[in-house]
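Q: sequence first, predicted coordinates after that:
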Amino acid sequence: MVVRADKDKIASVITNLLGNAIKYSPKGTDINVNCILQQDDILVTIEDTGIGIRSEDVEKLFDRYYRVQDSAVKTVSGFGIGLYLSAEIIKRHGGKIGVESIPGLGSKFYFTVPIS
């Protein structure tokens, strides 16, 4: 099995997703990171038990400069570019990126990278 990827770019995606999980979760809670070999790709998931994301925000989350407008995140810094850049990196690697989330219960971000 061979994965052809820019290790620095993939590392920046993982760093961004992990950083967001930490930023939007209560201190002391677990964040689960998994890497699974599937048939045609590698699946990486980062799951937290943070504040979660509303469905209307999930649709726009990977848009450039999009920031969730919610009182729970007003004090969290950021420019709304990290998830957009992560999505672009994964798309250029031929993979997919996404999120599953339930407000108040947490989020699971995931991405795939094809196996060559």
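A: Arrived safely, thanks for sending.
Q: longest helix of the chain?
A: Using DSSP state H to define each element, the chain has its longest helix at helix 7-23.
Q: can you get me a residue count around S101?
A: By other C-beta atoms under 10 Å, the residues close to S101 number 21. For glycine as for every other residue, the C-beta is placed from the backbone atoms N, C-alpha and C.
Q: test my guess that it contacts V58.
A: Yes - between S101 and V58 there is a contact under C-beta atoms under 8 Å: 6.0 Å.
Q: all strands of the chain, in order?
A: Under the criterion DSSP state E, strands of the chain are mapped to 32-37, 41-47, 97-102, 106-114.
Q: what's in contact with the last one?
A: Residues outside strand 106-114 that contact it (C-beta atoms under 8 Å, 6 or more residues apart in numbering) are 3, 5, 10, 13, 17, 20-21, 24-25, 38, 40-53, 86, 90, 93-101.
Q: mark which of the residues you listed are buried, thanks.
A: Using 16 or more other C-beta atoms under 10 Å as the burial test, the contacts of strand 106-114 include 5, 10, 13, 17, 20-21, 24-25, 41-42, 44, 46-53, 86, 90, 93, 95, 97, 99, 101 as buried.
Q: so where's this protein shaky on pLDDT?
A: Scanning the chain with the threshold set as pLDDT under 70 gives 69-79.
Q: and if we set it to 90?
A: The chain contains residues with pLDDT under 90 at 1-4, 24, 56-59, 63-80, 116.
Q: quick check: the gap between the residue nearest to A87 when sequence neighbours are not counted and N16.
A: Spatial nearest neighbour of A87, chain neighbours left out: F62 (4.1 Å); criterion: C-beta to C-beta, 6 or more residues apart in numbering. According to C-beta to C-beta, to the nearest Å, F62 stands 11 Å off from N16.
Q: same thing with G82?
A: According to C-beta to C-beta, G82 stands 4 Å off from N16.
Q: and what of F111?
A: Going from F111 to N16 by C-beta to C-beta gives 11 Å.
Q: quick one: which of the two has more around it?
A: The neighbour comparison of F111 against N16 (other C-beta under 10 Å) goes to F111, with 25 against 18.
Q: I appreciate the help and will end here.
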